[in-house]
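Participant: turn this into a model:
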Amino acid sequence: METLLWYLKSIGELLWTIVLVIGCILKGIVGFFYSPYKDISDEIVVLTGGAGDIGSSLATRMARQGCKMVLLDINEERLNSICRTINEYSDVKHKAVSFPCDITNLDQMRKICDVIRTEVGHPTMLINNAGIVAGKYLDDLSYRDFVRTFEVNTFSNFVLVKEFLPNMMENNHGHIVSVSSILALKGLAGVSEYAASKAAVATFMSSLRYEISVAGKSGIHCTTVMPYQLNSNLFRGCSIRFKWVPFMNLLEPSYVAEMIMGAVLKNQVVLYIPRVLYFLVALQNVLPEKANDVLYNYLEANRAMKTHVGRGKKDS
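Facilitator: Here you go, the predicted model:
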């Protein structure tokens, strides 16, 4: 009798799980086209890479939504300039503040986090946007290049989440956003350390979301951003074949910032930019690996970094 009850219970759980999966699929389809926005006014937002192309645009948008913006970046001059520009807008509810810093310096970051909590308040939203790329093929890539990219792109995510998540958990309210990359799903030649660091970010965010769920904190959301190549200083000079094809155009930082903003307002878990990537990622997973190789060779994707100039390099 106990065995029969166990089987009936197991079948019931399976059927209910299938119903829930179907419900999530239908909800996801509807959400792909429309989802109500949440109110983020008065949220305290810590944004790394605030002086960058995406960061500055995103900071402006969120400040105009009523957020208290706390901007972090190593570029002090540009960071302070962006902060002043934001505060000059008449429709900004809260003054933005900036903290020039090196997010790879653990002691410095801990001190700044303490200052943020004391002077601004406990952050309710964290956006890990800072990123660098060495732009080198493996022969020229040093150990220090590899470590430095991970320090900025990956380890900083862990440090800031550890600093600000406890208060979010205590209040069951918060949102953590990390900007990864489509390269996290498939690395290409010339970006080995960058792709690896962004893959680590994506899997870290996935594990983090599940840990928050296990803790029963439904009021804390996680969003992982997976953009295509940006038209920014980070990847300046990269060559792309067929630039005239609409879905292969370089992404403008302002557009990426707008998409991130929308994902935050909808509590979206994973955001691919542009949207055609949802289809292309599915196609890539279905095709044999050799078929993917043929397509990437046709697109000359593995030669794109040959002409990379990037941030801090001189144009040839």
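
Participant: for the chain, longest strand please?
Facilitator: Using DSSP state E to define each element, the chain has its longest strand at strand 220-227.

Participant: export it as PDB, just CAs?
Facilitator: Output in PDB follows, covering the C-alpha atoms of strand 220-227 (Å, rounded to 0.1, in the frame of the first residue of the first chain):
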ATOM      1  CA  ILE A 220      15.100  40.000  -4.700                       C
ATOM      2  CA  HIS A 221      15.600  39.700  -8.400                       C
ATOM      3  CA  CYS A 222      18.600  38.900 -10.600                       C
ATOM      4  CA  THR A 223      19.100  40.000 -14.200                       C
ATOM      5  CA  THR A 224      22.000  38.700 -16.400                       C
ATOM      6  CA  VAL A 225      22.600  40.800 -19.600                       C
ATOM      7  CA  MET A 226      24.000  39.100 -22.700                       C
ATOM      8  CA  PRO A 227      24.700  41.700 -25.400                       C
END
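
Participant: after that strand comes which helix or strand?
Facilitator: Next along the chain after strand 220-227, taking DSSP states H and E as the criterion, comes helix 253-265.

Participant: pLDDT on that following helix, on average?
Facilitator: The average pLDDT for helix 253-265 rounds to 95.

Participant: neighbouring contacts of it?
Facilitator: 37-38, 40, 52-54, 57-58, 61-62, 65, 125, 127, 175, 177, 179, 223, 225, 227, 230-232, 268, 271, 273 (C-beta atoms under 8 Å, 6 or more residues apart in numbering). Heads up, the C-betas are built off the backbone N, CA and C, glycines and all.

Participant: now the angle from that helix to strand 220-227?
Facilitator: Orientation check (axes from the mean of the first three to the mean of the last three C-alpha atoms, to 10 degrees): helix 253-265 against strand 220-227 gives 150 degrees.

Participant: sorry, back to before: among the contacts of helix 253-265, which ones are in strands?
Facilitator: Met125, Ile127, His175, Val177, Val179, Thr223, Val225, Pro227, Leu271, Ile273.

Participant: nearest residue to the middle of this protein?
Facilitator: Nearest to the geometric centre of the chain sits Val179, at 1.5 Å (C-alpha atoms, centre = their mean).

Participant: quick check: that one touching Asn129?
Facilitator: Yes - in terms of C-beta atoms under 8 Å, Val179 counts as a neighbour of Asn129; the distance is 4.8 Å.

Participant: list the residues that contact both of the two?
Facilitator: Common contacts of Val179 and Asn129, defined by C-beta under 8 Å, 6+ apart, comprise Gly49, Ile54.

Participant: tally of neighbours for Pro166?
Facilitator: Using other C-beta atoms under 10 Å, Pro166 is surrounded by 11 other residues.

Participant: now the spatially closest residue to Ala96 that is not a sequence neighbour, what's its secondary structure?
Facilitator: Using C-beta to C-beta, 6 or more residues apart in numbering and skipping residues adjacent in sequence, the residue nearest Ala96 is Met69, 4.0 Å away. Three-state assignment for Met69 (DSSP: H, G, I helix; E, B strand; the rest coil): strand.

Participant: pull the number of nearby residues for Met69.
Facilitator: Counted with other C-beta under 10 Å, the neighbours of Met69 add up to 31.

Participant: stretch 119-135: end-to-end distance?
Facilitator: One end of stretch 119-135 sits 38 Å from the other (C-alpha to C-alpha, to the nearest Å).

Participant: chain center to it: distance?
Facilitator: Centroid separation for stretch 119-135 versus its chain: 10 Å, with C-alpha atoms, centre = their mean, to the nearest Å.

Participant: can you tell me the average pLDDT over that stretch?
Facilitator: For stretch 119-135, mean pLDDT is 94.

Participant: again with stretch 91-98
Facilitator: Taken as a whole, stretch 91-98 carries a mean pLDDT of 91.

Participant: mind listing what's buried along that stretch?
Facilitator: Applying a neighbour-count criterion of 16 or more other C-beta atoms under 10 Å, one finds Val92, His94, Ala96, Val97, Ser98 buried in stretch 91-98.

Participant: now do the contacts for the third one.
Facilitator: Neighbouring residues of Ala96 by C-beta under 8 Å, 6+ apart: Ala59, Ala63, Lys68, Met69, Val70, Leu71, Cys83, Ile86, Asn87.

Participant: and those, which is closest to Leu208?
Facilitator: Val70 (20.5 Å; C-beta to C-beta).

Participant: ok, and the closest non-adjacent residue to Phe146?
Facilitator: Per C-beta to C-beta, 6+ apart, closest to Phe146 is Glu193, 4.4 Å.

Participant: chain center to the helix or strand harbouring Ala291: distance?
Facilitator: Taking DSSP H and E as the definition, one finds Ala291 inside helix 289-299. Distance of helix 289-299 from its chain centroid, counting by C-alpha atoms, centre = their mean, is 27 Å.
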